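J.: how would this look folded up:
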Amino acid sequence: MKKKIEKIVELVYKVSCYDIADNQYNRTFNTIRKLTEEVWNSHYRELLNELEKLDNPEANYQLFWLECLGYPRKTPNLFGHDGMPLGLNYGALPSDFNRLLGFHDSKLVSVSIENEDIRMFIELDSWEYERAELMFYNVISSYHLVNDEIVVDHLKGISNFTILSDCEAPNIEYCIRHLKIPDTALSKNHQEKRLFCIFGTQRESSDSLYIFADRWGLKTY
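T.: Sure thing, here's the model as predicted:
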């Protein structure tokens, strides 16, 4: 895994320096994406740490790597601090969670919290199965954003929540800011977790759920 991470960092740096032959860009972006997919689920923090070592006051290489994953929908820009347009889904991250078909228009019926784990009971809309249990393990924190107001660690009372989209976002500064998770609620321990996001509606509000966990699991019925 170490060699694969080193290769990702090398290629990202070469792209940033335009040290790639004109006819090799597509191949390079595909390689970055493939290697990221191979290392992410178990070595996500090591990859982000190595990318961060390239940072300087003018450039954010974690964000540049994320934009490389989103190519060709977004051309990577090393010195652009705004990052990707809002319409570009974090699904560009090739994680196991993002390879799901998704829960679009499914109903989150209830949430239970068991020690450090979160279990979500979902009525599926478009799957071959009727129900699912979505688990997040070793959760350090979970956040419920209702109409731009954060409710901390308050997922247990959620019911009849219509899921519009779900994804895993890389746990980097840009995503924390973009997803409106308050810096004051986070600690250094959060950096060691994966960041899972579920967007939808409950009653007449626009809701977002953010979960910092080690891993996830799914059972369907």
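J.: dump the lowest-mean-pLDDT helix or strand in the chain to PDB, restricted to CA.
T.: When the helices and strands of the chain are compared on mean pLDDT, DSSP states H and E, strand 149-152 comes out lowest with a mean of 82. Extracted in PDB, the C-alpha atoms of strand 149-152 (Å, rounded to 0.1, in the frame of the first residue of the first chain):
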ATOM      1  CA  GLU A 149     -28.500  24.900  11.900                       C
ATOM      2  CA  ILE A 150     -26.300  22.100  13.400                       C
ATOM      3  CA  VAL A 151     -27.800  19.800  16.000                       C
ATOM      4  CA  VAL A 152     -24.900  17.800  17.500                       C
END
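J.: who does it pair up with?
T.: Strand 149-152 sits in its sheet next to strand 141-146 (antiparallel), going by DSSP bridges.
J.: where in the chain is pLDDT low?
T.: By pLDDT under 70, the low-scoring segments of the chain are 80-88, 127.
J.: that one: helices as residue ranges?
T.: Here the chain has its helices, by DSSP state H, at 2-16, 25-52, 61-70, 173-178.
J.: in the longest one, what's buried?
T.: In this case it means helix 25-52. By neighbour count on 16 or more other C-beta atoms under 10 Å, the buried set for helix 25-52 is 25, 28-29, 32-33, 35-37, 39-40, 43-44, 47-48, 50-51. Heads up, the C-betas are built off the backbone N, CA and C, glycines and all.
J.: I'm done for today, thanks for sticking with me.
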